[in-house]
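S.K.: Predicted model follows, preceded by the sequence.
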Amino acid sequence: MKVAIIGAGAIGGLLAARLSATDARVTLVARTAAANALRREGLTMVTPLNRVVRVNPRVTDDPLSLGVQDLVFLCVKSYALRGVVDSLAPLLGPDTAVVPMVNGIPWWYPYRQPEPLADRPLTSVDPDGRLWRAIDPGRVVGATTLVAVEGDGPTRIRHVSDQRFTFGDAADRERPAVERIVALFGQAGFQPAVAASIREAIWVKLWGNLAFNPLSALTGATLGTLCNTPGTREVGRAMMLEAKAVAERLGIAFALSVEERIAMAGAVGDFKTSMLQDFEAGRRLELEAILASVIDLAGHVGVEVPILRTVLALVDLRARGRNAA
């Protein structure tokens, strides 16, 4: 099986390190500087048990050289997807599955959904419908994960905790591609599962991200601190309740309570969320996919989300101030 991983960030590096140990032919697609560094130094991974593993994944900065792949994992930030679509076409054959490993509400979410979504791209994450046109949602396998992983440049990652990945067809159909992905991830030592509804799995992860990622960027606090400090815990809870009302209007049923989801997040401990890592590194924040998308959906279903709007405005202002400094 030919597998391309687009993006050499923390999650892309983790997949490259672990999937390269399977029978698949795995290639990590990185920018030139990162690809050169990986060729020189390899990739060092610190496991959750603090074991240091060094691997030398196959890497290229020229995706056009790879030819048609069986699986293509998109491991870039949600806002960066538009920058990679032009390089995808040569990788896609009739049966190629595209697996976006992105935070938040993905661009393909409205695919084969009833009104008020009904195959109409969301302006928050796909304002001109470019992603919808460039990547057929029918070939998408949705994915979500609760792994915590930190990157330190292109050649070093730290896998903090968790092994769980969940996959499902974008239209909730049974597809051989989903089973192949689950088998591949099992071979790599992860804990993969097939979702009965991939959108419900996305909401479970997003439920924590939409609250504590923005709050971490505002406060500089780790996940454990935010979840275990009464004030920030209550703000996060209020944000999650607003999002729950939106999701339920879209037919999502949550199998766990707000308190249980906060406990899951808090159990990760003193981990910097991906948004806090991005803020401290001066990188763009994934506000569109993680917060603006939920506000977008709230407008479609007629739910008021004043706390989500307030937090989005505050984080956006702080990010702009950082960039202007």
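M.R.: Right, received. Where do you want to start?
S.K.: Confirm that residue 149 lies within a strand, as I assumed.
M.R.: Yes: under DSSP: H, G, I helix; E, B strand; the rest coil, residue 149 sits within a strand.
S.K.: Start and end of stretch 97-115, how far apart?
M.R.: 26 Å (Cα to Cα, to the nearest Å).
S.K.: so where's this protein shaky on pLDDT?
M.R.: 323-325 (pLDDT under 70).
S.K.: Next, the buried residues of the lengthiest helix in it.
M.R.: When the chain is scanned for its longest helix (criterion: DSSP state H), the result is helix 198-219. For helix 198-219, the neighbour count (16 or more other Cβ atoms under 10 Å) marks 198-219 as buried. C-beta here means a position set from N, CA and C on the backbone, and glycine is covered the same way.
S.K.: can I see the domain layout of this structure?
M.R.: 2-196, 200-324 (automatic domain parsing).
S.K.: before we move on, back to that, could you export the longest helix of the chain as PDB, CA atoms only?
M.R.: Below are the C-alpha coordinates for helix 198-219, written out as PDB (Å, rounded to 0.1, in the frame of the first residue of the first chain):
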ATOM      1  CA  ILE A 198     -17.500  10.200  12.200                       C
ATOM      2  CA  ARG A 199     -19.200  13.600  12.800                       C
ATOM      3  CA  GLU A 200     -20.100  12.600  16.400                       C
ATOM      4  CA  ALA A 201     -16.500  11.600  16.900                       C
ATOM      5  CA  ILE A 202     -15.400  15.000  15.500                       C
ATOM      6  CA  TRP A 203     -17.700  16.800  17.900                       C
ATOM      7  CA  VAL A 204     -16.400  14.900  20.900                       C
ATOM      8  CA  LYS A 205     -12.800  16.100  20.200                       C
ATOM      9  CA  LEU A 206     -13.900  19.600  19.100                       C
ATOM     10  CA  TRP A 207     -16.000  19.900  22.300                       C
ATOM     11  CA  GLY A 208     -12.800  20.200  24.300                       C
ATOM     12  CA  ASN A 209     -10.700  22.000  21.700                       C
ATOM     13  CA  LEU A 210     -13.100  24.800  21.100                       C
ATOM     14  CA  ALA A 211     -13.100  25.700  24.800                       C
ATOM     15  CA  PHE A 212      -9.600  25.000  26.100                       C
ATOM     16  CA  ASN A 213      -7.500  25.800  23.000                       C
ATOM     17  CA  PRO A 214      -8.600  29.400  22.900                       C
ATOM     18  CA  LEU A 215      -8.500  29.800  26.700                       C
ATOM     19  CA  SER A 216      -4.900  28.500  26.600                       C
ATOM     20  CA  ALA A 217      -4.000  31.100  24.100                       C
ATOM     21  CA  LEU A 218      -5.600  33.800  26.200                       C
ATOM     22  CA  THR A 219      -4.000  32.700  29.500                       C
END
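S.K.: And the strands in the stretch 151-300 of the chain?
M.R.: 156-161, 164-169, 191-194 (DSSP state E, counting those that start in this stretch).
S.K.: mind giving me CSV with those strands and columns for distance to residue 140 and mean neighbour count?
M.R.: Formatted as CSV, the strands of the stretch 151-300 of the chain follow (distance: least, Cβ to Cβ, whole Å; neighbours: other Cβ atoms under 10 Å):
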stretch, distance to residue 140, mean neighbour count
strand 156-161, 26, 19
strand 164-169, 8, 22
strand 191-194, 15, 16
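S.K.: Dump these into TSV; add distance to residue 133 as well.
M.R.: As requested, the strands of the stretch 151-300 of the chain are exported to TSV (distance: least, Cβ to Cβ, whole Å):
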stretch	distance to residue 133
strand 156-161	33
strand 164-169	20
strand 191-194	28
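S.K.: Between those, which one is closest to residue 43.
M.R.: strand 156-161 (7.2 Å; Cβ to Cβ).
S.K.: Contacts for that closest one next, please.
M.R.: Under the criterion Cβ atoms under 8 Å, 6 or more residues apart in numbering, residues 10, 13-14, 17, 43-48, 147-152, 268-269, 271 lie in contact with strand 156-161.
S.K.: Mind checking which of these land in helices?
M.R.: Per DSSP H, the subset of the contacts of strand 156-161 in helices is 10, 13-14, 17.
S.K.: of all these, which comes closest to residue 99?
M.R.: Taking the ones in helices among the contacts of strand 156-161 together and measuring to residue 99 by Cβ to Cβ, the closest member is residue 14, at 14.0 Å.
S.K.: who touches the closest one in this structure?
M.R.: 45, 147, 149, 157, 159.
S.K.: of all those residues, which two lie farthest apart?
M.R.: 45 and 147 (12.2 Å).
S.K.: neighbouring contacts of stretch 280-288?
M.R.: Contacts of stretch 280-288 (Cβ under 8 Å, 6+ apart): 77-79, 103-104, 124-125, 213-214, 217, 272, 274-275, 278-279, 312, 315-316, 319, 322-323.
S.K.: which among these end up buried?
M.R.: Judged by 16+ other Cβ under 10 Å, buried ones among these: 77-78, 103-104, 124-125, 213-214, 217, 272, 274-275, 278-279, 312, 315-316, 319.
S.K.: what's the spacing between stretch 153-162 and its chain's center?
M.R.: On the basis of Cα atoms, centre = their mean, to the nearest Å, the separation between the geometric centre of stretch 153-162 and that of its chain is 15 Å.
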